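# Fold the following and give me the result.
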Amino acid sequence: MVEIIQLSDLENGTELNADVVIVGGGPAGLTIAKELFNTRARVLILESGLIDETPEHAALCELEGVGDLRSEPQRRKRAEFHGESLASWTDASQPYGVRCRLLGGATHAWAGKSAPFDPADFAARPWVAHSGWPVAYEAVQPYVRRAEAALNLSLTAPKPLVETETLNSFYWQFARSRIDKLDVMRFGPEFRTYRADNVRVLLDATVTDIRLSDDGARFDSLSIAGVCGVKARVRARTAILAAGGVENPRLLLASRDQHANGIGNGHDQVGRYLMDHPGARVGWFKGEDSAAILRRFGFQGVRYDGRMHMFMHGLAVNPKVQEREGLLNTALYFMPQRAPDDPWDAIKRMIKRKSEHPLQDLKSIVAGGKLVAAGVGMKALAHPRTPEVLRNLIVDAAIRFDPNFVVEEFQTGGLPHKVTGLAVDAITENAPNPDSRVRLASSADRFGVPKALVDWRLSAQDRQSLARVAQLGADLLPRMGLPAPVLEPWIVQGELDTAVIIDMAHTSGTTRMSHDPQTGVVDPDCQVHGVSGLYVAGSSVFPTSGHANPTLMILALAIRLADHLKATQGLAQTGSAALDAVEADAVGVGAGLAAAFEAPLAGA
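Predicted coordinates for the structure are as follows:
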C-alpha cells in the first residue's frame, strides 16, 4: 500500500525533500501521483486533512462570501442542494462552493456525475468574452480517454436519441467505485488500495507559504503546519498546487514574502475569472406526465468491458443556436421530486432532532413502510458479508433492467424516496468575468493565513442562457409527442433577475491557462508564468467552464501534466520494484518517510 502518515509522526521543524511535492489529496493530486507511480521520482502528497474529516480540519474550509449568492431564497436552495454533501458543510461557513478537508477531497461529496467537454468549449467564440483555450480540443482527447478509464467509465456512449436544430441529446455517466459496487468512486479509499514505493502521503499537512528562489524565478520550498501543532518544511524540484479552485489562488496570493501581490500575480490575474456552473430549477412536470418523460429521458444502461454502466440523458443547446442567439453552452436534465411526506427524510429529521412537526413525521414513517423496508434491504446488500459475486450480479442486473432505480440508490445512499413529480433543472457555462474572483479576506485561519474572500458573479448572459434552454425544451418536447413542462414564473414573466440560481460547487477559472501572462496565471503546460518548477492542477486552470461536470476534464489535464513532467524531467518508469532512495526505514512508518524524504535532492 502507499505509505500514509500524519505530520504528528514527525519532529517539529523536520525538513523533507522530494522530487515532486503535490499540494492536495483530491482527484487532481491523486491522479498525478498515480501517473508517477514507480518512476524515478520521490513523490510526496500533502493533504491538509486526515482519512476522515474532523471539525478542526473542516474549519480550515471556512471562507467569506460576497457577490451573487446572498439572497435568502438562494441560501435556502444552497442548504437544500449542498446540505447532504458533508456533515460539516453549512452555508454560513461555506457561502460559496463545497470544500472537503480529507484524503480524496471533493469526491467525498460528489455524485460521480461525469461528462466530456464539447469542441465549442475550447473555441474562441466572439459572443463569449475571454473564451478560447490555448490548447486544442483534439490535443486533449487522448487524455480524456485515459481519464475515462481512470474513472471506471464506459468508453462507449448511448446513441443520441434527439438531434434537432435547437437541442441535442447529451449524456452524463456515473463513475462507479472499484471497491464498493454500491457507491460512486471515492478517490481516498481507492488510492489507499494502491502500492507504489516512491509515493508517500502526509496527512494534517496544511501549506501556509510558498517560497521561491532568491531571484523569484523558480520554486524552492513549502512551509507546512498541522492541527497537531507540528511545523515542517518541504523542499522539492517541482511543486504542483492541486488544492482546488479556491485554495490554489489563495495560496498564491497569500505567499507575499517575495512578491507583494502574491506569486504569479504580476499582472493581477490570480483569483480572477472565477467560474462555476450556475444552476436553476426552470420547470416541472405534473405527476401524470412524468412517466412519459422518464421513458425517453431517464437513465440508460450500456454494457461496456463486461459490465453495465449508467448514463443520464439530457438536452443541450445546439452550437448553431448558441452562436445565433449569443448563448452560453447550456443543458437541461430531469430529476424526480421528493414528496413532502417522504419517510426517509422524516427519519433523518427525527434522528437529528430537527423535526418541526414530529407527529406528522412519525405518520410519514409509518405510512412509508414499504420504502423503509426497501432501504433496509439495500443496506443489507451493501453489508461486507454479502458475497461480492452476488452483489455484482444484482447491481449489473439492476442497471440493465431499471437504471433509474439504480441511480436513485446511488444518489440517496440506498434509501428509496417517495416522489411526486419530475423537475426540470438547467445548468449553464459561466461567462468568464475578470471581476468574478477570489481575494484574501481580512480574517485568517488558525495558522494565520488569510481566508479566501469569494466574489462569484452572475451575468445577464448566464441568466438568459438558463431561461432560453427551458423555452427551447418547452417548445421541442410537444413536437416530439411528449408533455410540455410547466415553466417557472421567472421565465414566463421574463423576470430573470428573480431567478433562484445557485453554484453547483464546480469552482474553476481562478488560475486560468493562457499563452500570455497578462491574461492568465499558468502556461499551456500548467506551469505558473515566470516561475520554473511551480505548476497548478485542477479546474482552476480552465479558461472556460462548459456546462459539463468538471471532474473528467480535471483528470484529463492532470494526466497530461504528469506526462509533461515525465517527458521533461526524465522520470522513466522503474517497474514495480522500490527504489533504494525511497525505501522505508525499518524503525517505523514515520521514520520510513523521514528516511525516504529527508535526503538532499540529487543535483539540487
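
# Going by C-alpha atoms from here, please, whenever you check contacts or count neighbours.
Fine.

# quick one: average pLDDT of stretch 226-233?
The average pLDDT for stretch 226-233 rounds to 98.

# same deal with stretch 30-42?
Mean predicted lDDT for stretch 30-42 stands at 97.

# SS state for A139?
Judged by DSSP: H, G, I helix; E, B strand; the rest coil, the three-state class of A139 is helix.

# Against R145, how distant is it?
Applying C-alpha to C-alpha, to the nearest Å, the value for A139 to R145 is 12 Å.

# End to end on stretch 235-248, go ahead and measure it.
End-to-end distance (C-alpha to C-alpha), stretch 235-248: 19 Å.

# need the helices for the stretch 101-250 of the chain, in chain order.
Along the stretch 101-250 of the chain, the segments classed as helices by DSSP state H, counting those that start in this stretch run 119-122, 137-150, 187-191, 247-254.

# which helices and strands does the last one pack with?
In other words, helix 247-254. On a contact count with 3 or more C-alpha pairs under 8 Å, 6 or more residues apart in numbering; DSSP states H and E, helix 247-254 meets strand 206-212, strand 437-444, strand 450-456.

# tell me the average confidence for that helix?
98.

# just stretch 321-329 next, same as before
98.

# That stretch: how far from the chain's middle?
Between the centre of stretch 321-329 and the centre of its chain there are 26 Å (C-alpha atoms, centre = their mean, to the nearest Å).

# just the CA coordinates of it, formatted as PDB?
Provided in PDB are the C-alpha atoms of stretch 321-329 (Å, rounded to 0.1, in the frame of the first residue of the first chain):
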ATOM      1  CA  VAL A 321     -28.300  28.200 -31.800                       C
ATOM      2  CA  GLN A 322     -25.600  29.300 -29.200                       C
ATOM      3  CA  GLU A 323     -23.900  31.300 -31.900                       C
ATOM      4  CA  ARG A 324     -27.100  32.700 -33.500                       C
ATOM      5  CA  GLU A 325     -28.600  33.800 -30.200                       C
ATOM      6  CA  GLY A 326     -25.400  34.600 -28.200                       C
ATOM      7  CA  LEU A 327     -26.000  31.900 -25.700                       C
ATOM      8  CA  LEU A 328     -23.600  30.000 -23.400                       C
ATOM      9  CA  ASN A 329     -23.200  26.300 -23.500                       C
END
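
# How are the helices of the stretch 251-400 of the chain distributed by residue range?
With DSSP H, counting those that start in this stretch as the criterion, the stretch 251-400 of the chain has helices spanning 287-297, 319-325, 343-351, 358-367, 369-381, 388-401.

# Next, the contact list for the residue nearest to G262 when sequence neighbours are not counted, please.
Spatial nearest neighbour of G262, excluding adjacent residues (C-alpha to C-alpha, 6 or more residues apart in numbering): L253 at 4.1 Å. Taking C-alpha atoms under 8 Å, 6 or more residues apart in numbering, we find L253 in contact with 261-263, 265, 270, 439-440.

# And the helices in the stretch 451-600 of the chain, which stretches?
With DSSP H, counting those that start in this stretch as the criterion, the stretch 451-600 of the chain has helices at 460-479, 489-492, 551-568, 589-597.

# Please identify which of those helices is closest to A225.
Checking those against A225 by C-alpha to C-alpha gives helix 589-597 as the closest, at 16.3 Å.

# what's in contact with stretch 59-79?
90-91, 93-96, 99-101, 441, 445-446, 451-458, 500-503.

# run the last query once more with 6 Å
93-95, 451-457, 500 (C-alpha atoms under 6 Å, 6 or more residues apart in numbering).

# same question, stretch 563-577
For stretch 563-577, using C-alpha under 6 Å, 6+ apart, the contacting residues are 38-40.

# Same check on stretch 10-25?
With contact meaning C-alpha under 6 Å, 6+ apart, stretch 10-25 is reached by 41-47, 103-104, 230-243, 597-598.

# distance of the residue nearest to T428 when sequence neighbours are not counted from L16?
Leaving aside its chain neighbours, T428 sits nearest to T330 (4.2 Å; criterion: C-alpha to C-alpha, 6+ apart). Relative to L16, T330 is positioned 46 Å away (C-alpha to C-alpha).

# and if you look at A291?
According to C-alpha to C-alpha, A291 and L16 sit 60 Å apart.

# before we move on, back to that, make a markdown table out of the helices and strands packed on helix 247-254 and add mean neighbour count, distance to V521 and mean pLDDT.
Compiled in a markdown table, these are given as follows (neighbours: other C-alpha atoms under 10 Å; distance: least, C-alpha to C-alpha, whole Å; pLDDT from 0 to 100):
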| stretch | mean neighbour count | distance to V521 | mean pLDDT |
| --- | --- | --- | --- |
| strand 206-212 | 21 | 16 | 98 |
| strand 437-444 | 18 | 13 | 98 |
| strand 450-456 | 23 | 18 | 98 |
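
# okay if I get these as CSV plus distance to R200?
Shown next, in CSV, are the helices and strands packed on helix 247-254 (distance: least, C-alpha to C-alpha, whole Å):
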stretch, distance to R200
strand 206-212, 16
strand 437-444, 29
strand 450-456, 28
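
# Tell me which of these lies nearest to M480.
Among these, strand 450-456 sits nearest to M480 (C-alpha to C-alpha), with 37.9 Å.

# Of the helices of the stretch 251-400 of the chain, which shows the lowest average pLDDT?
Across these, helix 369-381 gives the lowest mean pLDDT, at a mean of 46.

# low pLDDT regions in this protein?
Applying pLDDT under 70 to the chain flags the ranges 338-419, 574-604.

# tell me the domain ranges of it?
1-69+96-112+188-277+446-457+505-604, 114-174+278-338+422-428+459-500, 340-417 (automatic domain parsing).

# Deepest-packed of the ones you listed, please.
Among these, domain 1-69+96-112+188-277+446-457+505-604 has the highest mean neighbour count (mean count of other C-alpha atoms under 10 Å), at a mean of 21.

# about what we covered before: keep only those of the contacts of stretch 563-577 that are in strands.
Nothing among the contacts of stretch 563-577 maps onto strands, per DSSP state E.

# Reformat those residues as CSV; add distance to H130.
Converted to CSV, these look like this (distance: C-alpha to C-alpha, whole Å):
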residue, distance to H130
N38, 40
T39, 38
R40, 39
